[in-house]
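Novice: All I have is the shape, not the residue letters:
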């Protein structure tokens, strides 16, 4: 039935918890910055970062759910202290911002088995992730996921994010996918499933966390109440 399996990343394939907002986190990041030769008071960095990020997120857009590029935020924060940085330097600072925020990061136990099962069946696999490339690409490489995908779309690259149907349309247009041959697999009802429905794509809800409640008119066609990716194979006839 389906030829194209479109996956969400965080909470679906990767189990992750980060801290990118606490005082302790910003203190640790600014301490690391000083070792790299960049000097900020952590309160100043925190204030500027939040203010500039909000400014970028509030900018008008043609998309219903626009996305920013966090590199632009970092560039402006550091420019505020007189640092003029190259693109590579900005990416390096973003990557380590993310690394310092980790509490844990790992694949779910069924991730690889599901992806390998789809590959063995000759299916195409795509990633549609609300994420920042400078944060996420290193995690895709670290977890060994990159080779499994026939296409990877990250919201910061495209200027929009789920549940904006534009994000799904970009995927289908870029890889010439027929929507009736696609299914979106994700753990977020208001993001993954609602967006897929709005775009005219079937949804498969993965209840990774014990929050499932049956709905009268669900946005998804399939559900794994146990939160098992292996049910993607069995319930879609792979």
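Specialist: It's in. Since the structure is predicted, the reported quantities are computational estimates derived from the model, not experimental observations.
Novice: from here on, contacts and neighbour counts on C-alpha atoms
Specialist: Noted.
Novice: Show me where this protein has its helices.
Specialist: Per DSSP state H, the chain carries helices over the ranges 23-36, 42-57, 70-79, 87-101, 111-120, 133-142, 155-158, 165-175, 194-199, 230-235.
Novice: For the nearest residue to residue 194 once chain neighbours are set aside, list the residues it contacts.
Specialist: Nearest non-adjacent residue to residue 194, counting by CA to CA, 6 or more residues apart in numbering: residue 219, 5.6 Å away. Residues in contact with residue 219 (CA atoms under 8 Å, 6 or more residues apart in numbering) are 189, 193-194, 197, 203.
Novice: Max pairwise distance over these: which two?
Specialist: Spatially, the most separated pair among the contacts of residue 219 is 189 and 197, at 10.4 Å (CA to CA).
Novice: re earlier: just name the most buried of the helices of the chain.
Specialist: Among the helices of the chain, helix 194-199 has the highest mean neighbour count (mean count of other CA atoms under 10 Å), at a mean of 21.
Novice: Can you name every helix or strand that that one contacts?
Specialist: helix 165-175, strand 202-206 (3 or more CA pairs under 8 Å, 6 or more residues apart in numbering; DSSP states H and E).
Novice: Tell me how far the residue of the chain most remote from its centre lies from residue 76.
Specialist: Residue distances from the centre of the chain (CA atoms, centre = their mean) peak at residue 82, which lies 31.4 Å from the mean C-alpha position. According to CA to CA, to the nearest Å, residue 82 stands 10 Å off from residue 76.
Novice: Over to residue 49?
Specialist: Residue 49 is 9 Å from residue 76, by CA to CA.
Novice: so residue 124 touches residue 147, yeah?
Specialist: No. Using CA atoms under 8 Å, residue 124 is not in contact with residue 147; the gap is 11.8 Å.
Novice: out of those two, which sits in the busier spot?
Specialist: Each of residue 124 and residue 147 has its neighbours counted (other CA atoms under 10 Å); residue 124 has more, 18 against 9.
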